[in-house]
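A.B. asks: Structure of the sequence below:
(2 chains)
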There are 2 protein chains.
Amino acid sequence: MTEFYKEITPAGFGIAIKQGEILFSQQSPFQKVEVFETDSELGRVLTLDDLMMTTEGDEFYYHEMIAHIPMMNHREPKTVLVIGGGDGGTIREVLKHSTVEKAVLCEIDAMVIDICRKFLPGIACALDDPRVEIRTEDAIEFIKDKTAAYDIVLIDSTDPMGPGEGLFTEEFYTNVRKSLRLGGIMAAQSESPVVNKKEIGKMYSLLKKVFPICATFTSPIPTYPGGYWAWAYCSAEVPPLSYIDEERAAQISAQCKIYNRDYHLARFALPNFLKEIVG
Amino acid sequence: MTEFYKEITPAGFGIAIKQGEILFSQQSPFQKVEVFETDSELGRVLTLDDLMMTTEGDEFYYHEMIAHIPMMNHREPKTVLVIGGGDGGTIREVLKHSTVEKAVLCEIDAMVIDICRKFLPGIACALDDPRVEIRTEDAIEFIKDKTAAYDIVLIDSTDPMGPGEGLFTEEFYTNVRKSLRLGGIMAAQSESPVVNKKEIGKMYSLLKKVFPICATFTSPIPTYPGGYWAWAYCSAEVPPLSYIDEERAAQISAQCKIYNRDYHLARFALPNFLKEIVG
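C.D. replies: The predicted model follows:
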C-alpha cells in the first residue's frame, strides 16, 4: 500500500504526497527534521515538525519570490541578511544579484543546514559561496545589536508556532528595522491567505506598528497549504514597485523559472478578501 | 479513523480533504457524480469521476476568474454561452454583469445540474434567473449551427479526458469562433500549469491555429491540482487588457471575494516556465 505524506490544515484540507524512502529523520534540539524521497517530479522533500518546508521540484516558487521581489526594488543591495532559510534556497537566489558583497544566513538549527547540504544539494548549493557567512544562532539575539547593517533582510521562517514563534513579534520587527540601512527593505514569509487568515491579520497589525511602508505580495506554491502564499514587504523609506533595476531584472529573469519583470509588477495586486485581512 | 478524499495527479502529489458524509453518489450516463460533506470551511464538495470539480468554500476562486476576466474586456456583453459548468457558478458570475440579456448553459449531464440545485444551492442559485436558458445537450453538436450568436463563450469543462475530451479539439474551437459575434471573446479553463504542462502545450497549439489572439491568465485555486490554474483568453479581434469597463469593474468588484480591477490587470503576467509552454 502506498504511503502518503499528508499535511492537513485546520481548514480541513491540505496536500498529499506519495512518499518514498525516508532518507533522514531525527530530532534536533529545536524540531523534528526529516527528508523523504518521492518517485515524482517533486524529488526529495524536507519537513520540519512534520510540516512541509520545501521540495526539490517546486522550491523555486518560494525562493524566487522571497528574494527577487524585495532585492529588485533596491538600487544596490550589497549586504543581505537571511533569517531562517537553513535549506539555502533563499541565499542561492540572493547571490544571483551581482551587487551582493555579503550574505549572512542566521539559522538557529545547524542540523537543517547539514542535512540540506547532504540531501538537497541543488537547494543548498550556494552555501559555500565565499560571500556567505553562516551563523547558527537564534536570530532574536543575533539581530539585537545590529544597527544600519543590511540593505535587505529576508525572514524565511517557519510558522508562527514552534521555534519560529519569536520571529513574529513587535520587538523582533523593531530590531529588524533598526538593522536596516537607509533605503533598506525587509521581506518576510507571511503564511497562506487561504488557511492562515487569522495569523496573517495578527502579523500585519504588528508589522504596521513598526514599518511606515508595509505591503503584501503573493504567488502560488503548489506544496504549501492552500497552494497560495503571501509575503510582507516592509520598509521605512522605499515603497514597493517604486524602483525596478531593469538590467538586473533581465539578468535574474534569465536564471529563473518564474521571475520576470511583468510577473514582479503583478505581485502586489491582491484579491479583495486578502486586502481586507492585511488592511 | 478519518476518511480522506485524495486526488493525486501523475505528478505524484495532490490534495487531501477530510471527508464527511457522502450525500449523493451515482453513475449518470456520462460520469460518476458525487457530493460529500466536510466539517471544514470547504463545505460540500462536488466530484465527477472522482476528480474535484468544486467546493462551496473555494468555488469563487475559479468562477470569478473564468467569468469576469473575459466579460470585463468586452464593451457590452449581451449574450453569453457557458459550455459545461453544470454547477451554475459561472452563470451566477456572468449574471452579475448588468449588460447581460441572455445566458445559455449547455451542459451535457442533467444529473450534474439537478444535484447541484439540490446540494449546492449557493453555487447553482442563478440557474432559475429568467435570463438563463438551460440546454442539456452535447456542446459539440449544439455549437455546430451557431453563427455570430454570442458575445462571450466560456468553456467551463472537465479535463481533456472523459466526457470533456471533445471540447479540446481544433474542430470544436473552430465552431466556437464561428459562434462569436464581432468583438466576441472566448475563455476556456486550460488546466494546471503545475501538473498538466503537456496538456496545456497541446491545447494552446490548437487554439492558436483557430484564434488570431490567444493569451493565458492564471490565478490560484486551493483545491485544484497544484493549487494554481490557467485559462485561455481567445478572440478574433480583441486583445486582452485592451479594454476594461471601469464602472462595471467597480460594480462587480463590490460583489466579489477576489475580482478587482488591479487583480484583473495582473492576471496575464506569467511565470517564465508557463510562457515557454503556451508559446
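A.B. asks: Skipping adjacent residues, who's closest to the residue in the stretch 51-200 of chain A positioned nearest to chain B in space?
C.D. replies: Checking the stretch 51-200 of chain A residue by residue against chain B with CB to the nearest CB singles out A:V194 as nearest, at 4.7 Å. All C-beta spots, glycine's among them, are computed from the backbone N, C-alpha and C. With sequence-adjacent residues excluded and distances taken as CB to CB, 6 or more residues apart in numbering or on different chains, A:V194 is closest to A:G226, at 2.8 Å.
A.B. asks: Skipping its backbone neighbours, what lies nearest the residue in chain A that chain B sits nearest to in space?
C.D. replies: Distances from chain A to chain B, computed as CB to the nearest CB, single out A:G227 as the nearest residue at 1.5 Å. If the residues on either side of it in the chain are set aside, A:G227 comes closest to B:G227, at 1.5 Å by CB to CB, 6+ apart.
A.B. asks: Ok, A:L51 next?
C.D. replies: The spatially closest residue to A:L51, leaving aside those adjacent along the chain, is A:E7, at 6.3 Å (CB to CB, 6+ apart).
A.B. asks: Which element, helix or strand, includes that neighbour?
C.D. replies: Under the criterion of DSSP states H and E, A:E7 resides in strand A:4-8.
A.B. asks: Show me what that strand packs onto, helices and strands only.
C.D. replies: Judged by 3 or more CB pairs under 8 Å, 6 or more residues apart in numbering or on different chains; DSSP states H and E, the packing partners of strand A:4-8 are strand A:13-18, strand B:4-8, strand B:13-18.
A.B. asks: returning to that earlier point: and the residue nearest to A:V194, which of the three is it?
C.D. replies: Three states are possible here, and by DSSP: H, G, I helix; E, B strand; the rest coil the one that applies to A:G226 is helix.
A.B. asks: surely it meets A:E191?
C.D. replies: No. Counting by CB atoms under 8 Å, no contact exists between A:G226 and A:E191, whose distance comes to 9.3 Å.
A.B. asks: Can you show me the helices along chain A?
C.D. replies: In chain A, the helices defined using DSSP state H lie at A:59-72, A:89-94, A:110-119, A:121-124, A:139-142, A:170-179, A:197-210, A:246-253, A:261-266, A:272-278.
A.B. asks: now, of the ones you listed, which is deepest in the fold?
C.D. replies: For the helices of chain A, the stretch with the most neighbours on average is helix A:89-94, a mean of 28; neighbours defined as mean count of other CB atoms under 10 Å in any protein chain shown.
A.B. asks: which secondary structure elements does that one contact?
C.D. replies: Contact analysis of helix A:89-94 by 3+ CB pairs under 8 Å, 6+ apart lists helix A:59-72, strand A:79-84, strand A:102-106, helix A:121-124, strand A:150-156 as its packing neighbours.
A.B. asks: thinking again about what came up before, report how many residues lie close to the residue nearest to A:L51.
C.D. replies: As a burial measure, the neighbour count of A:E7 was computed by other CB atoms under 10 Å in any protein chain shown and equals 17.
A.B. asks: Distance of it relative to A:L120?
C.D. replies: 18 Å (CB to CB, to the nearest Å).
A.B. asks: As JSON lines, the helices and strands packed on strand A:4-8 with distance to B:F217 and mean pLDDT would be great.
C.D. replies: Supplementary listing: the helices and strands packed on strand A:4-8 in JSON lines, determined by distance: least, CB to CB, whole Å; pLDDT from 0 to 100:
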{"stretch": "strand A:13-18", "distance to B:F217": "24", "mean pLDDT": "91"}
{"stretch": "strand B:4-8", "distance to B:F217": "23", "mean pLDDT": "89"}
{"stretch": "strand B:13-18", "distance to B:F217": "22", "mean pLDDT": "92"}
